[in-house]
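# Here is the input, now give the coordinates:
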Amino acid sequence: MLANLRGRVEGRPSFVCNRSSVAPVRRCPTHRGSARRRGQAVVVRAEADYYELLGVPRSADKKTIKQAYRQKARKYHPDVNKEPGAEDLFKKIGEAYEVLSDDTKKAIYDKYGEAGLKGSMGGMGGGAGVEFTNPFDLFESFFGMGGMSGMGGMGGMGGFGRGASGRSRAQPGEDDRVDLQLDFLEAVFGCSRELDVDRLTGCEECDTTGVRKGTTPSTCPACQGSGQVVQAVRTPLGTFQQVSLCSRCEGSGQIFTPCPKCQGDGRVRETKRISLKVPPGVDAGSRLRVRGEGNSGRRGGEPGDLYVNITIKDHPELRRDGITIHSDVEISYVDAILGTQVKVTTVDGPVELKIPAGTQPGTTLLMARRGVPKLGAPSVRGDHMVHVRVRIPKTVTAEERKLVEELKDLQSKTKVGPFRF
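Here you go, the predicted structure:
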């Protein structure tokens, strides 16, 4: 479609197509042939014919023009059509509909063409020309938010984020986070805690709009409501267009008198106390999500979520590895030889543990299902691993020494194979 609307002659100027008429281009006598001598191509582009853009005859009524716009706009919206030039064509289609659907603008266009709309014709009084609506705003006025589902692959309609209309719709609030430190056993078995959360909530003074009561916003004169400004930058490689956020309206497309309470944000910071239920089995580094307790959205948007980051205090005797608990127990070398029974601290409280005779240093004894409940399945529990340390005295009494030496003599008489030791 774009190819049909462009006239291009490389090497020498030929014709310029003005809507449906064709007129020859006259060369300047002074510069005749200068472009050819420099080896440069001369590109002549035609103005787009609004009727041809919409595919309607000049006698089309408003209903036909409106139907044609709906079809073309759906087809060439940049979130649907990814072909090069689709967005420019979409904008031109919106411009064509805005002109042809307005009796005054249509009359000017039929008489003077696009140049008349831009105020460059003498008969127009040299005015500033027609100010066009943002094409994405125009599209949304037809299809609205409800038309998204029927657009087929348009997803969230990212193009709608452009301009004042996109900025004025409801925007979801940001997620927030808070840190919570739990005792060792609180993390194992879960608990309920009260949290004071400092967050942004909707401003009641301006009903979350950010606009001072009794005033109304107006279109930003710097960006004409688009929220963006375009600057031409000249470089050795040519002229490039640089698009940036409008500094006057900060991308909103509107200027307004801000609400004195929220300073134009539509939200104020307040502290709220919330109840949090910590499930059994949470570990250090776990993150709990509390839906809807984050920052409030702008202009009635959905609130964000609150994320609670968990840290856990150390236990003086117990160590944790996932759902497994580890602890140490120290016994004398005599108890290691003869066996004994000791009290072991567990998450369930003190428990008697039998140390079998002949236990070696570094032995690990297992206490089944004395560990941590599995997160999300509290009926499943880990184990408790007890690591045995044997205490060897550095000094002994004379009596103890005598008994140890007797034991040594007794062991030396033990027959091991054909030899005595």
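# what about residue 77, distance to residue 136?
9 Å (C-beta to C-beta, to the nearest Å). The way it works is simple: take the backbone N, C-alpha and C, and place the C-beta from them, glycine included.
# what does residue 268 give?
Distance from residue 268 to residue 136, by C-beta to C-beta: 31 Å.
# try residue 208
23 Å.
# same question, residue 216
22 Å.
# Looking at these two, which has the bigger crowd around it?
When residue 216 is set against residue 136 and neighbours are counted by other C-beta atoms under 10 Å, the residue ahead is residue 136, at 25 against 10.
# Identify the residues contacting the residue most central in space within the chain.
The centroid of the chain falls nearest to residue 174 when counting by C-alpha atoms, centre = their mean (9.1 Å). By C-beta atoms under 8 Å, 6 or more residues apart in numbering, the contact set of residue 174 is 200, 294-295, 304.
# Same list, those residues, but as CSV with neighbour count and pLDDT please.
Below are the contacts of residue 174 laid out as CSV (neighbours: other C-beta atoms under 10 Å; pLDDT from 0 to 100):
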residue, neighbour count, pLDDT
200, 22, 95
294, 23, 95
295, 20, 95
304, 20, 93
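# Okay, and which of those residues map to strands?
Counting by DSSP state E, the part of the contacts of residue 174 found in strands is residue 200.
# from the contacts of residue 174, which is closest to residue 340?
residue 294 (55.8 Å; C-beta to C-beta).
# For residue 326, see how far away the closest residue to that closest one other than its chain neighbours is.
Distances taken as C-beta to C-beta, 6 or more residues apart in numbering put residue 304 closest to residue 294, at 2.9 Å, once the chain neighbours are dropped. Distance, residue 304 to residue 326, using C-beta to C-beta: 39 Å.
# with the contacts of residue 174 in mind, which one is nearest to residue 189?
For the contacts of residue 174, the nearest to residue 189 is residue 294 (27.8 Å; C-beta to C-beta).
# Just to check, that closest one is in contact with residue 303?
Yes - contact criterion C-beta atoms under 8 Å: residue 294 and residue 303 qualify, at 5.6 Å.
# shared neighbours of the two, which are they?
residue 173.
# quick one: the helices in this protein?
For the chain, the helices defined by DSSP state H cover 34-37, 50-54, 62-76, 86-100, 103-112, 114-117, 135-143, 163-168, 184-189, 333-338, 398-412.
# contact partners of stretch 180-187?
Against stretch 180-187 from outside (C-beta under 8 Å, 6+ apart): 191, 193, 195, 276, 278, 281-284, 308-315, 318, 320, 347.
# Filter these down to the ones in strands?
191, 193, 195, 276, 278, 308-312, 320.
# farthest-separated two in the residues you listed?
195 and 320, at 23.5 Å, using C-beta to C-beta across the ones in strands among the contacts of stretch 180-187.
# Between these two, which is the more surrounded one?
residue 320 (20 against 15).
# Return the residues in contact with that one.
Counting by C-beta under 8 Å, 6+ apart, residue 320 has contacts 184, 188, 283, 312, 326, 372.
# what does residue 202 give?
208, 266-267, 296, 300.
# hang on, the earlier thing: any chance of a markdown table for the helices of the chain, columns distance to residue 247?
Listed next are these as a markdown table, based on distance: least, C-beta to C-beta, whole Å:
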| stretch | distance to residue 247 |
| --- | --- |
| helix 34-37 | 40 |
| helix 50-54 | 34 |
| helix 62-76 | 31 |
| helix 86-100 | 23 |
| helix 103-112 | 31 |
| helix 114-117 | 29 |
| helix 135-143 | 21 |
| helix 163-168 | 15 |
| helix 184-189 | 49 |
| helix 333-338 | 78 |
| helix 398-412 | 88 |
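# Those helices: which one's closest to residue 288?
Comparing the helices of the chain by C-beta to C-beta, helix 184-189 comes nearest, at 11.5 Å.
# quick one: average pLDDT of the closest one?
Helix 184-189 comes out with an average pLDDT of 97.
# Start at 122, not 1
All right, first residue 122 from here; so that's helix 305-310.
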